[in-house]
Every structure is written in C-alpha cells, then in structure tokens.
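>>> Output the structure for:
(2 chains)
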Amino acid sequence: KNEVEQSPQNLTAQEGEFITINCSYSVGISALHWLQQHPGGGIVSLFMLSSGKKKHGRLIATINIQEKHSSLHITASHPRDSAVYICAVSSTGNQFYFGTGTSLTVIP
Amino acid sequence: DTGVSQNPRHKITKRGQNVTFRCDPISEHNRLYWYRQTLGQGPEFLTYFQNEAQLEKSRLLSDRFSAERPKGSFSTLEIQRTEQGDSAMYLCASSGGAGGSTDTQYFGPGTRLTVL
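Modelled structure (predicted):
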C-alpha cells in the first residue's frame, strides 16, 4: 500500500467546471505539498500546508489532519490548468512520499 | 535565472557505464533534495542534504548511487554501472529558511536518463 493515495487518477472536465482532487495519506506528517507537473516534466510547487486551508487565485487547498486527508480544488477551470497534480507529504520521519498523480484535462 | 538548474537535461548511456548529474540549487537555500521519477509515476525520494551534510537516504538508493554536496552549494548524483531500470527522470529540488522539511521546495527541470 502506498503511503499517499490520490483520486481520481484521471479527470476530464469542461472549461468552467469546479474540480476536486483528493489525497489521503497514512503516515504522520509535518507538511503536505501539492505540486503541478506539466507535460514537459517541470514541477511547480502550488501549496505547502500543515493545517487548515490556503487559497491562491483559483486554487484552494485544504487539509484535515485528523482524517489524514487533503483536497485540491480548482474553480472556473481553464484548459491551461491541464497538467498532472501530485500530492506529496513530508513525514515526521524525514522521508518524503508522493502520490502517483492525477492527470487533469480541461476541454474548451 | 535564479531558479534550480540541472545538467545535463538529457543523458543517454550504455548499460554498465557511470553517469553523473549536477544540480545547482537556489543560492540561499540550505536544503537540497534528489528524487527519481519513472514514466507514469509520482516522484520517489532518494536523498537530501542540509548544507553539506547528507541527512537522509531512501532505501531505494542502492550502493551504485552516491550523492555529494561538498561545499553546501551544488550537488552531484552519480550512478555507477548503470542498469536499464535506472532509466528515469532525476529531479533536484531546494528549499531554505528555518522550517526544515516544511519549507516549500523549488524543483529543477530534471535530467532524463536513458540507459540502453
């Protein structure tokens, strides 16, 4: 069993739709990261959070420490949001675990 | 450009050869991380440094892999006697500040290794 599980694995949405990507983890963490990876392979860090909620533009990330669960929301989705979104955790044991990613395609 | 840089961007080698990759982190960052990503998978943690000290190594890092950060700035990752299973994207990231593992990591563009 992976330490970090994401769902769904693949997601196709129409432009303008509200999108939710889920992440569950099984280890104790010091922080959870949401990353965005574009087809060329470059990775960009979107959020790092250890509690509560963060918002940046149309992106919102939430985390529930008790339930070991985080969600990434995209409001008013746009084709340029098409990418792979990866959930990663920094464990309290100083290890880093990654989910396998959610491939998002937003259709105009 | 003051981001994380990696060289080379692509490397093709024959099985059994040694390869070395370089990562230059953001200059004021004291933490540097190496990850490996195979096609269709999320990244896997390999190792990280705080300044010149290698603090953590994944069990994935076999004895054919060695990483150094001699002066606490750039880092090298060497793979000896490469195998076809080593073919992957090797990613470097850096972070700074007092938050340690909770700091935001900034990723380099990666080095894609193909072992023939």
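
>>> nearest residue to the residue nearest the centre of chain B other than its sequence neighbours?
Geometric centre of chain B, nearest residue: residue B:34, 3.0 Å, by Cα atoms, centre = their mean. Nearest non-adjacent residue to residue B:34, counting by Cβ to Cβ, 6 or more residues apart in numbering or on different chains: residue B:46, 4.3 Å away. C-betas here are computed from N, CA, C, even on glycine.

>>> repeat for residue B:113
Distances taken as Cβ to Cβ, 6+ apart put residue B:11 closest to residue B:113, at 5.1 Å, once the chain neighbours are dropped.

>>> thinking the one you found is in contact with residue B:20, fair?
No. Residue B:11 is not in contact with residue B:20 according to Cβ atoms under 8 Å; the separation is 9.1 Å.

>>> Which positions in chain A make contact with chain B?
Neighbours of chain B within chain A, by Cβ under 8 Å from any Cβ of the partner chain: A:4, A:30-31, A:33, A:35, A:41-45, A:48, A:50, A:86, A:88, A:90, A:94-101.

>>> Filter those down to the buried ones, ChimeraX style.
In ChimeraX, this line selects whichever of these come out buried by 16 or more other Cβ atoms under 10 Å in any protein chain shown:
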select /A:4,31,33,35,43,45,48,86,88,90,95,96,97,98,99,100,101
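
>>> circling back: the residue nearest to residue B:34: which element?
Secondary structure assignment for residue B:46, by DSSP states H and E: strand B:44-50.

>>> What mean pLDDT does that strand get?
The average pLDDT for strand B:44-50 rounds to 89.
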